[in-house]
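A.B. asks: turn this into a model:
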Amino acid sequence: MNHTYHIHGMTCNGCRNHVLETLSKVEGVAKVMVDLEKAEASIEMEQHIPLEQFKKALENDGGRYSIHKPGSPPEAKKEASKHIGKGTGTFYCPMHCEGEKTYDRPGDCPVCGMALVEEVNLSHAATTQYTCPMHPEVMRDEPGSCPICGMDLVPVQADISAEEKTYKKLVKKFWIAVAFTLPIFLIAMSEMIPNNPLYDLMGQKWWNSIQFALSIPVVFYATWMFFERAYKSIKSWNLNMFTLIGIGAGVAWVFSVFGMLFPDFFPEQFKTESGAVHVYFEAATVILTLVLMGQVLEARAHSKTNSAIKELLKLAPNKAVRVVAGKEEEVSIDQIQKGDVLRVKPGDKIPVDGVITEGKTTIDESMISGEPIPVNKYEGDNVSSGTINGNQSFLMIAEKVGSDTLLSQIIQMVNNASRSRAPIQKLADTVSGYFVPVVVLIAIITFIVWAIWGPEPVYVYALVNAIAVLIIACPCALGLATPMSVMVGVGKGAQNGVLIKNAEALEKMDKVDTLIIDKTGTITESKW
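C.D. replies: Residues are numbered from 1 along each chain as shown. Below is the predicted model of the structure:
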């Protein structure tokens, strides 16, 4: 018995594999075939299985996909791009493994294992609140004194973003890894010193035990996430750089532990003159620590990029003056609704997009047009959020609020650009798909060649060189260079007032040799 259903929410091969695995686990399913282009799943079953069981399986797996009969609309279009994140934004994979899919909490990408990146929320920053350092239950919207003890109220510190939390967590792990890896490195390198002075203190077997003890915090705490990502990549068969790191460093560490505990199991060519087996705790921990350093630098770059968008958010004020029945009241920017009458005082920023209904003024619109000279505005003229009022007061009616304002659309464009894929990234993705299996095959061939024709001890050299192939061939640059370049480039551009539409435009700019701009510095459309 075979049935075909439509699958909603798939955007890439990672989605297809995930749906295939989830539906295959449903009891009674004999075979599943998923077509990404047609967005269909062909399910072969021993006896009829109600559609509700498949729906429940997909919902229990996170609800990112929905299944329904062909021709009927899905009950709930849970598009991944609409998943609103907790904290300050949504979370997405910097490698774009699953297209525009986002997640509602931080973590690792289920496809490639990379740490998810946070997208800055388009909603305006929350109004600053003040609390008493002695009585935290006291909360006020304005500074003042505590009604209980009389102390001055202090501003409540806003929660740091997920990007900053990830960066600080990785930095902490990195320094722990360095603290334990450095002694291991020094102990291992001391073997190159003639008449090693360390062996006068204790034998090599004891020094091997010390290296083992020092390596435990590095492997099982500071860098354990790499092995988790490697396992996920093998399980889902989405092989990536963490596959090579996990296999290479893992084999080196496990071999060293086994050799330390059971030296008699190994032939003499694996042993030193003292009878101890050659260990490679140093190689494993140093490689893992260096990869962790790369992750720290990557997290720092992500944090710096998001800071550019946060600077754009600061252009809009947190509060506005609303006029109700002739009376003015100060309200949070989030409370403004379409149709509200607002008063903008001299020197204030325009809170939302709208139209002047009473008064006239001059407004600095340089943040939009690049024109440094203030523009005269009269009744009936449009004003935009984030621009700065001159020395006159006026009334306006709110027409666009929240994410509909021009400033929010600019921020949305920067967010979309930093998440877009450059055309050259398709080539990198294609190469990466074949790269890892080829490297593993080369590592196996390397072991065989050294074992047959290598110098004594042949198996030691064979193992070390096979591990070296796995680790050195790690496609970090291939996998990270393009998305990181796009993210940093777009963020740096926004920080300097240059808004880039998408990664494709950024890539094509490399071929531009002439740029024509007008006197305000805004880019004009090219017509020949």
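
A.B. asks: which residues of the stretch 201-350 of the chain score low on pLDDT?
C.D. replies: By pLDDT under 70, the low-scoring segments of the stretch 201-350 of the chain are 266-267, 269-270, 274, 301-315.

A.B. asks: touching, residue 187 and residue 212? I think so.
C.D. replies: No: here residue 187 lies out of contact with residue 212, judged by C-beta atoms under 8 Å, at a distance of 10.9 Å. Backbone N, C-alpha and C define where each C-beta goes, glycine included.

A.B. asks: now do the SS call for residue 3.
C.D. replies: strand (DSSP: H, G, I helix; E, B strand; the rest coil).

A.B. asks: for it, give me the pLDDT.
C.D. replies: Per-residue confidence (pLDDT) for residue 3: 79.

A.B. asks: for the stretch 351-500 of the chain, which spans come out with low pLDDT?
C.D. replies: Ranges of the stretch 351-500 of the chain meeting pLDDT under 70: 369-370, 414-430, 432-433, 471, 474-484, 486-487, 491, 494-497, 499.

A.B. asks: need the strands for it, in chain order.
C.D. replies: Under the criterion DSSP state E, counting those that start in this stretch, the stretch 351-500 of the chain contains strands at 353-358, 361-364, 375-377, 382-383, 388-389, 394-400.

A.B. asks: out of the ones you listed, which comes closest to residue 257?
C.D. replies: strand 394-400 (63.1 Å; C-beta to C-beta).

A.B. asks: same for the closest one, what does it pack against?
C.D. replies: strand 341-344, strand 353-358 (3 or more C-beta pairs under 8 Å, 6 or more residues apart in numbering; DSSP states H and E).

A.B. asks: now the strands of the stretch 351-500 of the chain as TSV including distance to residue 24?
C.D. replies: Formatted as TSV, the strands of the stretch 351-500 of the chain follow (distance: least, C-beta to C-beta, whole Å):
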stretch	distance to residue 24
strand 353-358	50
strand 361-364	61
strand 375-377	62
strand 382-383	56
strand 388-389	59
strand 394-400	48
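
A.B. asks: could I get these as a markdown table with distance to residue 219 and mean neighbour count?
C.D. replies: Below are the strands of the stretch 351-500 of the chain laid out as a markdown table (distance: least, C-beta to C-beta, whole Å; neighbours: other C-beta atoms under 10 Å):
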| stretch | distance to residue 219 | mean neighbour count |
| --- | --- | --- |
| strand 353-358 | 55 | 18 |
| strand 361-364 | 57 | 19 |
| strand 375-377 | 62 | 17 |
| strand 382-383 | 59 | 18 |
| strand 388-389 | 55 | 20 |
| strand 394-400 | 54 | 20 |
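
A.B. asks: between those strands, which one is closest to residue 34.
C.D. replies: Smallest distance to residue 34 across the strands of the stretch 351-500 of the chain (C-beta to C-beta): 41.7 Å, for strand 394-400.

A.B. asks: show me what the closest one is in contact with.
C.D. replies: 323, 336-344, 350-361, 377, 383, 385, 406 (C-beta atoms under 8 Å, 6 or more residues apart in numbering).

A.B. asks: repeat the analysis, applying 6 Å as the threshold.
C.D. replies: 336, 338, 340-344, 352-359, 361 (C-beta atoms under 6 Å, 6 or more residues apart in numbering).

A.B. asks: what's the answer for stretch 25-35, then?
C.D. replies: 16, 19-20, 23-24, 41-46, 49, 53, 57.

A.B. asks: hmm, 7 Å instead?
C.D. replies: Contacts to stretch 25-35, defined as C-beta atoms under 7 Å, 6 or more residues apart in numbering, come from residues 7, 16, 19-20, 23-24, 41-47, 49, 53-54, 57.

A.B. asks: buried ones among these?
C.D. replies: 7, 16, 19, 23, 41, 43, 45, 49, 54, 57 (16 or more other C-beta atoms under 10 Å).

A.B. asks: from those, which two are the most distant?
C.D. replies: Spatial extent of those (C-beta to C-beta) is set by the pair 16 and 49 at 20.4 Å.

A.B. asks: show me what counts as buried in stretch 176-192.
C.D. replies: Using 16+ other C-beta under 10 Å as the test for burial, stretch 176-192 gives 176-178, 180-181, 184-185, 187-188.

A.B. asks: what's the neighbour count on residue 385?
C.D. replies: Close neighbours of residue 385, defined as other C-beta atoms under 10 Å, add up to 28.

A.B. asks: re earlier: of the helices and strands packed on strand 394-400, which is nearest residue 67?
C.D. replies: Among the helices and strands packed on strand 394-400, strand 353-358 sits nearest to residue 67 (C-beta to C-beta), with 41.0 Å.

A.B. asks: given that closest one, what are its sheet partners and their directions?
C.D. replies: Using DSSP bridges, the strands paired with strand 353-358 are strand 382-383 (antiparallel), strand 394-400 (antiparallel).

A.B. asks: residues in contact with the first one?
C.D. replies: Yep, that's strand 382-383 we're talking about. 350, 354-356, 363, 377, 396.

A.B. asks: including distance to residue 328, could these go into JSON lines?
C.D. replies: Output for those, formatted as JSON lines (distance: C-beta to C-beta, whole Å):
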{"residue": "350", "distance to residue 328": "17"}
{"residue": "354", "distance to residue 328": "16"}
{"residue": "355", "distance to residue 328": "19"}
{"residue": "356", "distance to residue 328": "17"}
{"residue": "363", "distance to residue 328": "20"}
{"residue": "377", "distance to residue 328": "21"}
{"residue": "396", "distance to residue 328": "13"}
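
A.B. asks: neighbours around residue 145, how many?
C.D. replies: Applying other C-beta under 10 Å, we find 13 residues neighbouring residue 145.

A.B. asks: and the residue nearest to it when sequence neighbours are not counted, what's its pLDDT?
C.D. replies: For residue 145, ignoring the flanking residues on the chain, the nearest one in space by C-beta to C-beta, 6 or more residues apart in numbering is residue 152 at 6.0 Å. Note for residue 152: predicted pLDDT of 73.

A.B. asks: ok, for residue 344, nearest residue in space, not its chain neighbours?
C.D. replies: residue 389 (5.0 Å).

A.B. asks: hmm, that neighbour is touching residue 360, no?
C.D. replies: No: contact criterion C-beta atoms under 7 Å: residue 389 and residue 360 do not qualify, at 11.2 Å.

A.B. asks: ok, back up a step: so which of the strands of the stretch 351-500 of the chain gets nearest residue 439?
C.D. replies: Closest among the strands of the stretch 351-500 of the chain, using C-beta to C-beta: strand 394-400, at 52.7 Å.

A.B. asks: quick one: residue 387 from residue 318, how far?
C.D. replies: Residue 387 sits 16 Å away from residue 318, going by C-beta to C-beta, to the nearest Å.

A.B. asks: ok, these two, which is more surrounded?
C.D. replies: residue 387 (24 against 15).

A.B. asks: ok, that one to residue 317 distance?
C.D. replies: Noted for residue 387: a distance of 11 Å to residue 317, by C-beta to C-beta.

A.B. asks: returning to that earlier point: kindly reformat the strands paired with strand 353-358 as a markdown table and extend each row with distance to residue 514.
C.D. replies: Shown next, in a markdown table, are the strands paired with strand 353-358 (distance: least, C-beta to C-beta, whole Å):
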| stretch | distance to residue 514 |
| --- | --- |
| strand 382-383 | 34 |
| strand 394-400 | 36 |
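
A.B. asks: and of those strands, who's closest to residue 468?
C.D. replies: Between those, strand 394-400 lies closest to residue 468; by C-beta to C-beta that is 59.1 Å.

A.B. asks: what helix or strand is residue 317 located in?
C.D. replies: Assigned by DSSP states H and E, residue 317 belongs to no helix or strand.
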